[in-house]
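A.B. asks: fold the following, please.
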Amino acid sequence: MKALQRWRYRRPVLAVLVLLVLPAVGVGLREVVPHAAAADQEIYRLPLTHIADIPLPGRASRLDYESYDPERHLLFIAHLGDGEVIVVDVNAARVVARIPRVSSVHGVLAIPEMSRVYASATGTDEIVAIDEATLKIVARMPGGHYPDGMAYAPEVHKLYASDETGRTETVVDVQSNQRVATLALGGDVGNTQYDSRSHHIFVNVQSRNELVEIDPTVDRIVARHALQGAEQNHGLLIDSQDQLAFVACQGNHKLLVFDMGTRRVVQSFDIGKDPDVLAFDAAQGRLYVAGEVGIVSVFSVQGSKVAKIGEGLLGPNAHVVAIDPATHHAYFPLKNVDGRPVLRVMAPL
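C.D. replies: Numbering: from 1, shown residues only. The predicted model follows:
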């Protein structure tokens with residue numbers, strides 16, 4: 001991996017800056033700069049060290065989901081406030097493209113084997129297909145009334161998109177880029193995830209405190225699982241290897257651990273206010289839960305054993321996180337740091 005232009009390592013007493021000079025090239029790149037967080041002592045409660053802040057283009061407005069393609073080392077970030085998808089080459093630590101005309105973009109999902117990225121344009125109620133080779137929009141399809149998070153079922157070549165307020169799941173055939181089904185879920189919809197063990201799609205129905213299970217071969221709901229202790233279960237991540245699902249509840253600020261074998265909640269943890277996006281580093285057995293107020297919670301996952309190992313303020317509005325499985329770096333897009341959006345890069349301790 002190429003060195004970042006400026007790396008910053010934090011220590012509880014002394015901050016050491018190592019400055020590396022690289023050419024400032026790339027779309028929207030000024031330089032990779034270290035940033036003194038508002039409350040350094042809070043970051044020290046996290047098992048993370050601050051590597052750098054990569055400046056992002058555009059206004060200091062809301063950034064939403066992100067998705068990483070480890071084959072191309074490209075990170076796709078939804079800049080909801082500017083209606084565009086930002087593309088960052090994480091090896092070069094620079095922005096390489098801005099993909100416009102994705103109105104109020106919420107969700108973004110890279111599918112490396114298809115050389116395709118999908119984004120949910122809530123402003124126009126569309127699912128937008130982007131070619132990874134050209135970084136251009138190649139198709140648009142109906143996405144319901146408020147398309148948000150997405151998941152991909154590879155065996156059937158289908159994309160599943162949460163229609164949050166429309167209370168449905170939109171199904172897209174990625175080979176034809178056509179909507180092929182709309183499934184009524186009976187409540188407001190949270191995030192959607194694919195389980196590689198059962199080959200099923202799971203969807204949070206947050207107004208019913210349920211986890212809905214869909215068989216993608218027939219596009220039918222096959223089960224509804226009550227989530228004991230849930231209130232507005234929005235965030236979702238499935239660890240298929242350990243047969244666990246992690247459910248982040250915005251209503252009561254809880255993380256629920258759902259056993260995929262017994263189909264029941266087996267643990268509950270208090271976490272930061274308004275949890276949103278989760279990410280999992282499988283090699284290290286670390287789960288990250290990012291919240292709207294900037295609190296990040298970190299958990300150790302060793303088989304069925306889940307334990308909180310750190311929690312603290314990472315940065316303003318740090319509600320989204322993605323992991324590079326090769327370097328184990330965690331990427332947090334922050335909408336406003338000193339008046340501009342940045343991508344905060346953290347490394348595990």
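A.B. asks: all helices for this protein, in order.
C.D. replies: Ranges of helices within the chain are 40-43, based on DSSP state H.
A.B. asks: which stretches of it aren't confidently modelled?
C.D. replies: For the chain, applying pLDDT under 70 flags the ranges 1-44.
A.B. asks: how far away is the closest residue to residue 277 other than its chain neighbours from residue 191?
C.D. replies: Nearest residue to residue 277 in three dimensions, chain neighbours excluded: residue 320, at 4.6 Å (CB to CB, 6 or more residues apart in numbering). Quick note: C-beta positions are derived from backbone N, CA and C, even for glycine. For residue 320, the distance to residue 191 equals 12 Å [CB to CB, to the nearest Å].
A.B. asks: for residue 333, see how far away residue 58 is.
C.D. replies: Applying CB to CB, the value for residue 58 to residue 333 is 11 Å.
A.B. asks: and the strands in the stretch 51-200 of the chain, which stretches?
C.D. replies: In the stretch 51-200 of the chain, the segments counted as strands under DSSP state E, counting those that start in this stretch are 66-69, 74-79, 84-89, 94-99, 105-111, 116-121, 126-131, 136-142, 147-153, 158-163, 168-173, 178-184, 189-195, 200-205.
A.B. asks: dump these into CSV; add mean neighbour count and distance to residue 53 as well.
C.D. replies: Formatted as CSV, the strands of the stretch 51-200 of the chain follow (neighbours: other CB atoms under 10 Å; distance: least, CB to CB, whole Å):
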stretch, mean neighbour count, distance to residue 53
strand 66-69, 22, 15
strand 74-79, 25, 14
strand 84-89, 23, 12
strand 94-99, 20, 13
strand 105-111, 25, 21
strand 116-121, 26, 24
strand 126-131, 21, 26
strand 136-142, 15, 29
strand 147-153, 25, 26
strand 158-163, 26, 30
strand 168-173, 23, 35
strand 178-184, 15, 39
strand 189-195, 25, 27
strand 200-205, 25, 31
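A.B. asks: distance to residue 225 for these - can I get that in CSV?
C.D. replies: As requested, the strands of the stretch 51-200 of the chain are arranged in CSV below (distance: least, CB to CB, whole Å):
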stretch, distance to residue 225
strand 66-69, 26
strand 74-79, 29
strand 84-89, 33
strand 94-99, 36
strand 105-111, 23
strand 116-121, 25
strand 126-131, 26
strand 136-142, 28
strand 147-153, 17
strand 158-163, 17
strand 168-173, 16
strand 178-184, 16
strand 189-195, 12
strand 200-205, 8
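A.B. asks: for the ones you listed, which one sits closest to residue 341?
C.D. replies: strand 74-79 (7.4 Å; CB to CB).
A.B. asks: packing partners for that closest one?
C.D. replies: For strand 74-79, the elements it packs on are strand 66-69, strand 84-89, strand 105-111, strand 116-121, strand 340-348, judged by 3 or more CB pairs under 8 Å, 6 or more residues apart in numbering; DSSP states H and E.
A.B. asks: hmm, who's touching the first one?
C.D. replies: Looking back up the chat, that one is strand 66-69. For strand 66-69, contacts defined as CB atoms under 8 Å, 6 or more residues apart in numbering pick out 74-78, 90, 108-110, 112, 117, 132, 320, 322-324, 331, 333.
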